[in-house]
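[1] below: sequence and its predicted model.
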Amino acid sequence: MTYEPDPRKLRQILVSSLQLLSADYDVQVTSLPGFVHIPDELALTFDDSFALVERIRSAGLLDAAVVERLNGLRSALSQMSEKHSLWTIEAVCSDPEWQAIRMQARELLHALGAPVTTPDLSWGKYVPGARSSTPSASPLDLGVE
């Protein structure tokens, strides 16, 4: 027997990742452990939850328009990855591109009928690792097989 997670829980993971992206800088920083690289973790948390989108959609919990907007947000983050100057704490705090990401995430939360609030990231597990100049696999354990 294969374990299939409740699609409503998967949707909540997606919502919480959007809440993290939509949050003001101070909430983002206090929502994540001190040992993570905040800019990377903001993007990785969303990317991890984005992997669940098809399952959530197939359960009827996301419509095509929202999926398209989620793809747009993912694309915007991907394009930002080419600009190293955007992946600093200072950029997350004040750069217009990060402000645009926050706005996109807030609009998506509104479309999903979810509040812009402090995210509940209890579904994830952050594990400190060795410092590296290259990204490693995601530290989040989504509990999803």
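    On my side now, so go ahead.

[2] report the central residue of the protein.
    Central residue of the chain (C-alpha atoms, centre = their mean): Phe46, 2.0 Å from the mean position.

[3] once you drop chain neighbours, what's closest to that one?
    Ser17 (4.7 Å; C-beta to C-beta, 6 or more residues apart in numbering). All C-beta atoms are positioned from the backbone trio N, CA, C, and that covers glycine.

[4] give me the number of residues near that neighbour?
    Ser17 sits with 26 neighbouring residues when counted by other C-beta atoms under 10 Å.

[5] that one sits in which helix or strand?
    Following DSSP states H and E, one finds Ser17 within helix 7-22.

[6] in that helix, what's buried?
    Within helix 7-22, the residues that count as buried by 16 or more other C-beta atoms under 10 Å are 7, 10-22.

[7] cool, and stretch 24-35?
    Buried residues in stretch 24-35 (16+ other C-beta under 10 Å): Tyr25, Val27, Gln28, Ser31, Leu32.

[8] and the next element down the chain from the helix holding Ser17?
    Counting by DSSP H and E, the next helix or strand C-terminal to helix 7-22 is helix 25-31.

[9] quick one: contacts of that following helix?
    Leu20, Ala23, Ile38, Leu42, Ile89, Val92, Cys93, Ser94, Thr118, Pro119, Leu121 (C-beta atoms under 8 Å, 6 or more residues apart in numbering).

[10] change it to 10 Å
    If you take C-beta atoms under 10 Å, 6 or more residues apart in numbering as the criterion, helix 25-31 is touched by 16, 19-23, 36, 38-39, 41-42, 45, 89-90, 92-94, 98-99, 102, 116-121.
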